[in-house]
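Enquirer: no FASTA, just this:
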Ligand SMILES: *Cc1c(COP(=O)(O)O)cnc(C)c1O
């Protein structure tokens, strides 16, 4: 099999989806998969078979979801920069809920909205909470571009009530960041959400609540901890909202549903000796996995297929082939002696890897391989498991 390629463990994906759905049933949550995390059709088909809805951030994502068989009334649409065309197309499709992210956007939607349209319009609120994740993947601080501020939401709702407007928000959407692993932050967010909800005029009625995604995965140790804490996430949120008032709360997991089910398998092309370190250059790079270059994300790298079996541990900088110095997976990877031709696995590449791939340097799109045979366990056993359906 020619490297590099994305390797998807469809069994791990199924277990993850099962666990997520079981937790959601327990806590009365509806799961809307954030499709931007991974738009691979085989992955989408699997997610569809579990009955999840879709959270999209562009008309392209909406159309892809529809093409894959998701029903428009199972799709919600967020995004701080929707074009007029995207908005009108989404309304024509009759998606379930459009998450409006600015006052100008609201006014535009009201101007074209007709009452026979099945789409409901919710407001995305920026609750001004900070979360402990990389600055580049926080979204809920007061200076972030996403959503409307609490102040703007109040003003808008008061204005609409006063005007007796025919279109009113059906409810609210929040999404405060990604790769959140401390459950306290979901509690803090829930408290902030409640504070906002209880500050609304008492004559304003709404029934929709969507608390976004953000549940993190274990990038350091995916081999022993491959299952996100779905129960912990929902347990941190649900007790803050009565099931009478909110029989169902929507969540939009992306990374947590797919992240651990993908790896990139790459070959070591060259090993360079540099003062205090060795640099291993792979045939996979930022064009296949942009996260390290984009926000210093660290992915576990292990040997996938050895040649020398020399077990001496050395310190490596692992880099890609692109013509950018930031095309590196990081420094200080402790790995057995690497040599040209050996294969490494870059772990936790199921989310924001294939969907973020670049054409930069025209390296072509890496193939996808799907493990369908039940694995004995989910740990580093690829070479003993039959690979099927290489594309
Ligand atoms: C990206 C995104 C998500 C998914 O975030 P994850 O951290 O991958 O779970 C959910 N909702 C919205 C609005 C998003 O933009």
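Expert: Nice, I can see it. Because the structure is a prediction, the values reported are computed rather than measured.
Enquirer: Quick one: name the residues of the protein near the ligand.
Expert: Contacts of the chain with the ligand, taken as C-beta under 6 Å from any ligand atom, map to 34, 36-37, 55, 57, 78, 175, 178, 212-215, 252-256. No exception for glycine: its C-beta is placed from N, CA and C like everyone else's.
Enquirer: Pull out the buried members of the residues you listed.
Expert: 34, 36-37, 55, 57, 78, 175, 178, 212-215, 252-256 (16 or more other C-beta atoms under 10 Å).
Enquirer: Helix, strand or coil: sort out residue 263 for me.
Expert: The three-state assignment at residue 263 reads strand, by DSSP: H, G, I helix; E, B strand; the rest coil.
Enquirer: Spell out which residues sit in contact with it, please.
Expert: 6-7, 9, 345-350, 382 (C-beta atoms under 8 Å, 6 or more residues apart in numbering).
Enquirer: Where neighbours are concerned, which of those residues has the most?
Expert: For the contacts of residue 263, the largest number of neighbours (other C-beta atoms under 10 Å) sits with residue 350, at 29 neighbours.
Enquirer: need the contact list for the residue lying closest to that one once chain neighbours are set aside.
Expert: The shortest distance from residue 350 to any non-neighbouring residue, by C-beta to C-beta, 6 or more residues apart in numbering, is to residue 262 (3.1 Å). Residues counted as contacts of residue 262 (C-beta under 8 Å, 6+ apart) are 6-9, 38, 348-351, 353-354.
Enquirer: The chain - how does it break down into domains?
Expert: 10-259, 260-388 (automatic domain parsing).
Enquirer: which of the ones you listed has the lowest average pLDDT?
Expert: Per-stretch mean pLDDT for these is lowest at domain 260-388 (a mean of 90).
Enquirer: one step back: now the domains of the chain as a markdown table including distance to residue 2?
Expert: Formatted as a markdown table, the domains of the chain follow (distance: least, C-beta to C-beta, whole Å):
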| stretch | distance to residue 2 |
| --- | --- |
| domain 10-259 | 18 |
| domain 260-388 | 7 |
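Enquirer: circling back: the contacts of residue 263 in strands, which ones?
Expert: 6-7, 9, 345-346 (DSSP state E).
Enquirer: List just the nearest of those to the ligand.
Expert: Comparing those against the ligand with C-beta to the nearest ligand atom places residue 6 closest, at 17.4 Å.
Enquirer: From residue 291, how far off is the closest one?
Expert: 14 Å (C-beta to C-beta, to the nearest Å).
Enquirer: Name the residues contacting each of these two.
Expert: Jointly contacting residue 6 and residue 291 under the rule C-beta under 8 Å, 6+ apart are residue 353.
Enquirer: What ranges does the stretch 151-300 of the chain have for its strands?
Expert: In the stretch 151-300 of the chain, the strands defined using DSSP state E, counting those that start in this stretch lie at 171-173, 208-210, 249-251, 262-274, 277-282.
Enquirer: Buried ones in the fourth one, by neighbour count?
Expert: The one in question is strand 262-274. 262-269, 271.
Enquirer: Skipping adjacent residues, who's closest to the residue of the stretch 1-150 of the chain found nearest the ligand in space?
Expert: Minimum separation of the stretch 1-150 of the chain from the ligand (C-beta to the nearest ligand atom) falls at residue 34, amounting to 3.3 Å. Residue nearest to residue 34 in three dimensions, not counting chain neighbours: residue 254, with 3.1 Å by C-beta to C-beta, 6+ apart.
Enquirer: and what of residue 214?
Expert: residue 180 (4.6 Å).
Enquirer: Residue 60: neighbour count?
Expert: 12.
Enquirer: Now do the SS call for it.
Expert: When states are read from three-state DSSP, the local structure at residue 60 comes out as helix.
Enquirer: Distance check, it against residue 241.
Expert: In terms of C-beta to C-beta, residue 60 sits 33 Å off from residue 241.
Enquirer: Could you do residue 258 as well?
Expert: Relative to residue 241, residue 258 is positioned 26 Å away (C-beta to C-beta).
Enquirer: between those two, which one's more packed in?
Expert: Higher neighbour count among residue 258 and residue 241: residue 258, with 32 against 18, using other C-beta under 10 Å.
Enquirer: my guess is the more buried one contacts residue 350, does it?
Expert: Yes - shown here, residue 258 and residue 350 form a contact pair, counting by C-beta atoms under 8 Å, at 4.1 Å.
Enquirer: Please enumerate the shared neighbours of the two.
Expert: 13, 37-38, 43.
Enquirer: give the contact list for the residue positioned nearest the centre of the chain.
Expert: The centroid of the chain falls nearest to residue 254 when counting by C-alpha atoms, centre = their mean (3.0 Å). Shown in contact with residue 254 (C-beta under 8 Å, 6+ apart): 33-38, 55, 178, 213, 351-352.
Enquirer: Could you list which of these belong to strands?
Expert: Those of these lying in strands (DSSP E): 33-34, 55.
Enquirer: is it true that residue 228 touches residue 215?
Expert: Yes - applying C-beta under 8 Å, one finds residue 228 in contact with residue 215, separated by 5.4 Å.
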